[in-house]
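**Q** what follows is a predicted structure for the sequence shown.
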Amino acid sequence: MYTLLIEHAVNDFGAWKRSFDSDPADRAGSGVVSYRVFRPVDDSQRVLIELDFAEREQAESMLDTLRTRVWSGPGRPASLDGSPDARIVESVEARIF
């Protein structure tokens, strides 16, 4: 399992969430098998997202799509503040208690 971890500042969470829900990067069509959205309890102007993929190449392709088509250019959501931080990680262990 590969996860694309994204963190970025937003200036309007409601507007950002509407943009996220409109799915401009086609999550399902890009291989996302599950995702989670977080907001730090001490910073309501930040968003953390985890997008899970079965294949590393899918995660890399999604990151490229986000960087070139969603986070830049005329289609960039006005609710984004600054440049998102993103990295791909590989799951090496998981445990449920």
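**A** Done, it's in.
**Q** from residue 16, how far out is residue 9?
**A** According to CB to CB, to the nearest Å, residue 9 stands 10 Å off from residue 16. From N, CA and C alone the C-beta is placed, and that goes for glycine too.
**Q** which of those two has more neighbours?
**A** residue 16 (21 against 16; other CB atoms under 10 Å).
**Q** what's the helix or strand hosting that one packed up against?
**A** If you go by DSSP states H and E, residue 16 is part of helix 13-21. For helix 13-21, the packing partners by 3 or more CB pairs under 8 Å, 6 or more residues apart in numbering; DSSP states H and E come out as strand 46-53.
**Q** from the contact counts, what lies against the strand it packs on?
**A** strand 2-10, helix 13-21, strand 32-38, helix 56-65.
**Q** turn those into TSV, including mean pLDDT and distance to residue 77.
**A** As requested, those are exported to TSV (pLDDT from 0 to 100; distance: least, CB to CB, whole Å):
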stretch	mean pLDDT	distance to residue 77
strand 2-10	96	9
helix 13-21	92	4
strand 32-38	97	14
helix 56-65	97	14
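**Q** among the ones you listed, which is nearest residue 96?
**A** With CB to CB, the closest approach to residue 96 among the helices and strands packed on strand 46-53 belongs to strand 32-38: 14.5 Å.
**Q** got the angle between the closest one and strand 2-10?
**A** With axes from the mean of the first three to the mean of the last three CA atoms, to 10 degrees defining the directions, strand 32-38 sits at 40 degrees from strand 2-10.
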